[in-house]
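[1] I would like the atomic coordinates for the input below:
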Amino acid sequence: MKKISTIVAAVMITAIGWAQSPEKMSYQAVVRDGSNDLITTQAVGMQISILQGGSEGTPVYVETQTPTTNANGLVNLEIGTGTTSDDFSKIDWANVTYFIKTETDPIGGTSYTITGTTQLLSVPYALYAKTSGTSAGPQGVKGDDGSNGSPGTSGTNGAKGDNGSDGAAGAAGAPGAAGAAGAPGAQGSTGPEGDQGVQGTKGDTGAQGTKGDTGAQGTKGDTGTAGSYGAPGAAGSNGAVGEKGDTGDQGEKGDTGDQGIKGNTGLKGDQGEIGPDGKSAYEVYAANHADPDQNEAEWLKSLEAERQEGPMMYTVTGSDAITTSSTDKVQVAGMMVSPEPGTYIALFNAQVSGASVTTQSFGSKQGADDLQTLYEELMEDNGNTRSNNVFGNNETLTPGVYNVSGAASTIGKLIIDGGNTVPNPLFIIRATTTFTAGATTRVQLMGNAKSENIFWVAGTSASTAAGAQLKGTILAGGTGAGALSTGADTILEGRMLTKSGAITQGARTKLTAPSGAGVANLGSLASFAMWSSAGAVSDVGTSTTIGDVGNLGKFVLSITGDHTGDVYPDGTKQSDIVTVSPSVYSVYQNGIEVPGSARFFNIISGAVSIQAMITVTTENNPVEIKWNVKSGEAALENRTFTLIRNGY
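    Numbers count the residues shown, from 1 in each chain. Got it, this is the predicted structure:
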């Protein structure tokens with residue numbers, strides 16, 4: 001099957017100094033076959049239609065011609081001189097939108113296999129200008145408003161309606177009886193003193209000693225694993241207050257009285273007189289120039305656009321499907337023209353399909369692999385060894401890697417200052433054993449410091465004391481067992497991650513996973529607030545967690561508090577997810593992107609359309625369309641690129 005690549009050129013012929021203008025437009029087309037070879041010295045059949053009002057509008061003029069291609073595959077013809085039963089001179093070019101439709105039979109018959117439709121954005125000047133002096137000129141500037149007519153006589157006000165009678169007041173309900181005060185609860189017993197632990201690495205329990213897991217209020221807590229000297233067990237709280245007595249029922253509300261009848265509307269006043277006609281455009285011009293240097297005819301002549309030489313329109317089309325997976329800008333196949341000098345409106349329209357990328361959903365095994373990758377990345381830089389293992393007490397921390405031999409901790413105010421030079425500065429604090437955030441910890445971020453770029457890495461366990469306020473991701477279990485816990489009322493803007501150990505939350509803990517994309521590679525864990533590669537994960541009923549949670553292995557995963565996010569238990573399998581691959585289209589002139597022409601389309605399939613204004617100053621200055629995808633692949637078909645001369 002043959003195809004045709006067309007360069008459409010509609011030229012309005014103006015005969016300077018004559019009363020009438022030629023009723024015709026010139027048209028050019030280059031004809032190629034299915035192998036993209038030129039069809040030379042051969043007759044082709046063509047039907048040209050002028051459509052009014054839209055691309056599917058009413059044909060106001062239709063003609064057929066059978067031109068012969070030259071040695072370069074080019075056909076030349078004049079629209080308005082072909083075989084037709086219509087009158088080209090009857091087309092009213094003023095104030096109406098027109099489209100030109102071409103239909104072509106490459107073998108010279110009337111079996112038209114190739115169709116193209118393009119809007120005529122600039123009305124051919126010569127065809128419209130022929131009516132100047134014989135019909136109304138351009139609409140003038142709106143005239144001054146006429147004076148208001150005399151107001152009509154006001155109508156008589158309607159009589160006021162009677163007020164409705166008030167409804168009877170409802171009877172007040174009897175007050176409910178006061179509930180009896182509950183008896184004070186018995187004081188809980190004091191927990192036993194913990195056994196003295198062996199001097200050395202602390203166990204997997206919480207901070208300071210560490211205390212055993214706290215049971216329900218008033219109940220003795222379990223004894224913690226032997227470590228350093230255990231703190232005395234917490235005193236039992238007072239018994240619960242007795243329940244409040246029931247409130248008495250409220251009395252019923254009385255009925256509302258009926259609304260009064262609305263009064264009649266007064267009569268409408270008479271309409272005022274119509275003001276005088278406004279001034280013509282020239283009268284407005286003359287009124288704003290005390291001594292106008294042009295008469296009306298000269299002034300109207302000065303409004304005419306300067307004629308530009310060359311074709312009015314260039315068009316190239318392509319219907320075959322093409323694809324790209326390039327993330328760099330490449331030419332859309334066939335979408336390039338080399339117009340003569342002039343100012344043009346560039347229009348590109350096409351149909352995109354299959355703009356998608358396939359990714360995988362979260363899987364438990366992948367989560368463990370991504371945490372190991374993150375840990376190795378955070379341990380790559382040697383960093384600087386710090387003699388003071390305590391961070392805080394109004395200290396300011398600048399970007400870098402900080403090594404602590406033994407246990408690291410925070411206390412008091414700690415300022416983490418990212419400065420204003422690097423957009424995403426990285427902070428890594430590494431302890432060879434444990435990490436503890438003290439109860440008075442208050443972390444303040446300055447400059448470009450962000451919680452998603454702060455990492456607290458512990459060789460073994462990590463914890464926060466009650467009331468601590470910390471920012472950044474805690475990664476425990478780097479080299480050994482790494483239980484991870486928060487004390488009551490902890491506020492953590494970050495993540496709780498461990499390679500090996502359980503994760504627990506204290507009462508009223510608030511954990512929020514950062515939403516920004518950090519510089520470290522978290523992989524599939526980027527949306528997680530809690531993850532253990534080998535341990536149980538649980539919160540409490542009063543805690544709040546924002547972010548996904550999950551674990552690997554046959555361990556408990558229990559989320560009972562306020563949680564926003566997904567839960568991924570052990571055994572979660574990966575699956576393919578097809579998402580949109582955004583594509584970008586731009587107009588390029590002589591190899592340089594035209595400013596403001598780029599358009600971003602976040603669709604898998606649908607129509608794409610861009611336009612731009614360009615000025616060509618020299619010949620052989622190509623104008624083309626380029627595209628690229630952000631990821632994946634996109635397909636494009638039914639594409640048309642048109643240049644329409646501005647001010648022809």
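
[2] Need the three-state assignment for Tyr285.
    Here Tyr285 is recorded as helix under DSSP: H, G, I helix; E, B strand; the rest coil.

[3] So it sits against Glu298, correct?
    No - taking contacts as C-beta atoms under 8 Å, Tyr285 lies outside contact range of Glu298: 11.1 Å. Quick note: C-beta positions are derived from backbone N, CA and C, even for glycine.

[4] For these two, indicate the residue with more neighbours.
    Just comparing Tyr285 and Glu298: by other C-beta atoms under 10 Å the higher neighbour count belongs to Tyr285, 16 against 10.

[5] okay, now the residue lying closest to Tyr98 once chain neighbours are set aside: neighbour count?
    In space, and not counting its chain neighbours, Tyr98 is closest to Leu120: 4.7 Å by C-beta to C-beta, 6 or more residues apart in numbering. For Leu120, the number of neighbouring residues by other C-beta under 10 Å comes to 19.

[6] so who does Leu120 touch?
    Ala10, Thr97, Tyr98, Phe99, Ile100, Met313, Ile644 (C-beta atoms under 8 Å, 6 or more residues apart in numbering).

[7] Same question for Ser302.
    By C-beta under 8 Å, 6+ apart, the contact set of Ser302 is Gln294.

[8] Distance of it relative to Pro423?
    According to C-beta to C-beta, to the nearest Å, Ser302 stands 55 Å off from Pro423.

[9] again, but for Asp417
    The gap separating Asp417 from Pro423 is 14 Å, by C-beta to C-beta.

[10] neighbour-wise, which of the two wins?
    Counted by other C-beta under 10 Å, Asp417 and Pro423 do not tie: Asp417 has more neighbours, with 17 against 10.

[11] so the more buried one touches Ile454, yeah?
    No - Asp417 is not in contact with Ile454 according to C-beta under 8 Å; the separation is 11.7 Å.

[12] Run the chain-centre distance for the biggest strand by length in the chain.
    If you go by DSSP state E, the chain has its longest strand at strand 342-360. Centroid separation for strand 342-360 versus its chain: 18 Å, with C-alpha atoms, centre = their mean, to the nearest Å.

[13] Now do the buried residues in it.
    342, 344-350, 352-353, 355-357 (16 or more other C-beta atoms under 10 Å).

[14] helix or strand right after it?
    helix 364-378 (DSSP states H and E).

[15] ok now do Val62, which residues does it touch?
    Counting by C-beta under 8 Å, 6+ apart, Val62 makes contact with Gln47, Ile48, Ser49, Ile50, Thr84, Asp86.

[16] Now do the fifth one: how many residues are near it, please.
    Think Thr84. 16.

[17] Next: the third one.
    Number of residues near Ser49 (other C-beta under 10 Å) recorded here: 20.

[18] That one - that's part of a helix, no?
    No - assigned with three-state DSSP, Ser49 falls outside any helix and is strand.

[19] is it true that it touches Ile91?
    No - counting by C-beta under 8 Å, Ser49 stays clear of Ile91, with 11.7 Å between them.

[20] Mutual contacts of these two, please.
    Tyr61.

[21] thinking again about what came up before, include distance to Met336 and pLDDT when you put the buried residues of strand 342-360 into TSV, please.
    TSV is the format used below for the buried residues of strand 342-360 (distance: C-beta to C-beta, whole Å; pLDDT from 0 to 100):
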residue	distance to Met336	pLDDT
Gly342	17	91
Tyr344	14	93
Ile345	17	94
Ala346	11	95
Leu347	14	96
Phe348	11	96
Asn349	16	96
Ala350	14	93
Val352	19	88
Ser353	22	83
Ala355	22	70
Ser356	27	71
Val357	28	61
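
[22] Quickly note the distance from the residue nearest in space to the middle of the chain to Ser609.
    Closest to where the C-alpha atoms of the chain average out (C-alpha atoms, centre = their mean) is Asn602, at 8.6 Å. For Asn602, the distance to Ser609 equals 15 Å [C-beta to C-beta].

[23] Tell me where the stretch 201-350 of the chain is predicted with low confidence.
    For the stretch 201-350 of the chain, applying pLDDT under 70 flags the ranges 201-266, 269, 290-291, 303-310.

[24] Among the contacts of Leu120, name the buried ones.
    Burial by neighbour count, judged by 16+ other C-beta under 10 Å, picks out Ala10, Tyr98, Phe99, Ile100, Met313, Ile644 from these.

[25] which of the residues you listed lies closest to Val30?
    When the buried ones among the contacts of Leu120 are compared for distance to Val30 (C-beta to C-beta), Met313 wins out at 14.1 Å.

[26] surely the closest one meets Phe641?
    No - Met313 is beyond contact range of Phe641, at 11.4 Å (criterion: C-beta under 8 Å).

[27] Could I get the full set of helices for the stretch 451-600 of the chain?
    Using DSSP state H, counting those that start in this stretch, no helices are found in the stretch 451-600 of the chain.

[28] correct me, but Thr615 touches Ile345?
    No - Thr615 is not in contact with Ile345 according to C-beta under 8 Å; the separation is 11.0 Å.
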